[in-house]
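A.B. asks: Provided below for reference: sequence and predicted model.
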Amino acid sequence: MPKSSATSLPSLSVRIDLDAQDRIGPGKIQLLENIRECGSISAAGRAMDMSYKRAWDLVDEINRICRQAAVERQTGGKNGGGAMLTPFGLSLVARYRKIERDAALAVRKDLAALHSDIGKPKKGYGAVEARTAAVAGARYENIENNPMQSSRRRPAFDKAT
């Protein structure tokens, strides 16, 4: 989903955890969409300010975690080869974007309420209110056992008996 600006509502970002280590999120989906548009893994990576190696590693990761190819590489020729999404890759992008749209629609009212709450300044919020009760209840005494530190003070708390 597009990032929100200062005047728009907060946006939702969806990451799908497939298992403990593997996930599909907005970055990988954007890379797949860029591959579809550019016809090249390296050009898709450049469009995202991503190194050539990082783009290739992500494509390999996507193919591995999906247990089937989302991107098919085409060997070089006169124009140097390229890449294209497989039917599964096209379906993966479409399904992810649908999940993203459905989730955003489901939380639309909550995001609007959050935006409204964040925009309201809190009354009386400041440093005095941020202090803890423990500090107010502490009393200080000299450290008697160490003459080198006799001028230093430390907090001592009354024991409840």
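C.D. replies: Arrived safely, thanks for sending. Numbers count the residues shown, from 1 in each chain.

A.B. asks: Quick check: buried residues in the lengthiest helix in the chain?
C.D. replies: For the chain, the helix with the greatest residue count under DSSP state H is helix 87-106. Across helix 87-106, burial judged by 16 or more other Cβ atoms under 10 Å covers 88, 89, 92, 93, 96, 100, 104. For the C-beta atoms, the positions are set from N, CA and C on the backbone; glycine is no exception.

A.B. asks: Can you say which two of those residues are spatially most distant?
C.D. replies: The most widely separated members of the buried residues of helix 87-106, counting by Cβ to Cβ, are 88 and 104 (24.4 Å).

A.B. asks: which residue sits closest to residue 68, ignoring its sequence neighbours?
C.D. replies: Among residues not flanking residue 68 along the chain, residue 88 sits closest, at 5.4 Å (Cβ to Cβ, 6 or more residues apart in numbering).

A.B. asks: Now do that neighbour against residue 11, distance only.
C.D. replies: 27 Å (Cβ to Cβ, to the nearest Å).

A.B. asks: quick revisit: show me what the longest helix of the chain is in contact with.
C.D. replies: Residues outside helix 87-106 that contact it (Cβ atoms under 8 Å, 6 or more residues apart in numbering): 1, 11-12, 14, 16, 24, 26, 29, 32-33, 36, 66, 68-72, 85, 111.

A.B. asks: hmm, try it at 7 Å
C.D. replies: With Cβ atoms under 7 Å, 6 or more residues apart in numbering as the contact definition, helix 87-106 has outside contacts at 1, 12, 14, 24, 29, 32, 33, 66, 68, 69, 70, 71.

A.B. asks: Return the closest of those with respect to residue 117.
C.D. replies: Closest approach to residue 117 among the contacts of helix 87-106 (Cβ to Cβ): residue 12, at 16.3 Å.
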